[in-house]
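Colleague: Build the 3D model from these lines:
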Amino acid sequence: MKILPSIDLYGGKIIRLYQGKFNNIKVYERSPLEITEFLKDLGYKDLQVIDLEGAQKGNPVHADLVKELASTGLRIFFGGGLRSAADIETAFKHGAEFVYSGSLLIKNISARRELFKKWGNRIIPAVDIRNRKVALSGWQSESDTEMMEIFSDLYKEGFRKYLVTAVLQDGTMEGPDISLYTRILSELPQFQLIAAGGVSSLQDIAALARTGCWAAVTGKAFLEGHIDLSEAKKVASSDA
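Modeller: Numbers count the residues shown, from 1 in each chain. Reported below is the predicted structural model:
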């Protein structure tokens, strides 16, 4: 399993939300570029970058910063506020290697087909789950469609990598929603599932590896020193 360090951006700074709520923001002192150098020193090649300000406003705000981060040589998994094909095109032009798309893929069947035809699995559906429902528009609304139906529809269109965020775990440091990922992978074992939300320890990483997840996202835990990223790599690649 891959470890995917993650930073959330707002106003050019690294922040974290608690359970996806914009009225509960924590700002970190380290800059995004400092984080990229830190990760490179540890041998990491990937960084997830979520434009939370973009997600809130409905259009990407930090595309220029993504370009700067990508220039360091890290592969950038970028999402947040990408509500149109033009937004996604901008993200790729600014150096993103993979782009997350949530509301656009879930709401618009023709768009998902066009996007997959053009970029294939460089487009990663970002499916945010709250109370087993799909949260949309920066977690500010919910879909009435059952989550497994949405996963199945996206899979039929060819998508194979998925970012699945357990919103109520996000930023809580209370552990991931193992039952959620177990259910998804039991029904769709071909998924390359990127698990996000609540990862707070090496034990959490081991548990996610056992479920068969393709990657585990760590944000707050590594930013605050609760997870040693060097050890995390070892746990993720072991049979623990």
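
Colleague: Any regions of the chain where pLDDT drops low?
Modeller: Counting by pLDDT under 70, the chain shows low-confidence ranges at 19-20, 136-144, 170-172, 239-240.

Colleague: what are the ranges of the helices in it?
Modeller: All helices of the chain, identified by DSSP state H, fall at 32-41, 52-57, 63-70, 85-93, 103-107, 109-119, 147-156, 178-187, 202-211, 220-223, 229-237.

Colleague: out of the ones you listed, which comes closest to A126?
Modeller: Smallest distance to A126 across these (CB to CB): 8.1 Å, for helix 103-107. All C-beta atoms are positioned from the backbone trio N, CA, C, and that covers glycine.

Colleague: Can you tell me what sits against that closest one?
Modeller: 82-85, 88, 111-112, 115, 123, 125, 127, 134, 136-137, 143, 145, 150, 154, 159 (CB atoms under 8 Å, 6 or more residues apart in numbering).

Colleague: From L42, how far off is the residue minimising distance to the centre of the chain?
Modeller: With distances taken as CA atoms, centre = their mean, the residue of the chain nearest its centroid is L163 (5.1 Å). Here L163 is placed at a distance of 22 Å from L42 (CB to CB, to the nearest Å).

Colleague: Please name the residues that touch L163.
Modeller: 77, 79, 100, 124-127, 194, 196, 217.

Colleague: what comes up buried for stretch 178-198?
Modeller: Under the neighbour-count criterion of 16 or more other CB atoms under 10 Å, stretch 178-198 has 178, 180-182, 184-185, 188, 191, 193-198 buried.

Colleague: which among those gets closest to L33?
Modeller: A196 (22.7 Å).

Colleague: picking that back up, minimum distance to Q169: which of the helices of the chain has it?
Modeller: Q169 lies closest, by CB to CB, to one member of the helices of the chain: helix 178-187, at 8.9 Å.

Colleague: orientation of the closest one relative to helix 147-156 in degrees?
Modeller: The directions of helix 178-187 and helix 147-156 differ by 40 degrees, with axes from the mean of the first three to the mean of the last three CA atoms, to 10 degrees as the criterion.

Colleague: Now Y44: closest residue in space that isn't a chain neighbour?
Modeller: Nearest in space to Y44, with sequence neighbours left out and distances taken as CB to CB, 6 or more residues apart in numbering, is P5 at 6.3 Å.

Colleague: Brilliant, that's me finished.
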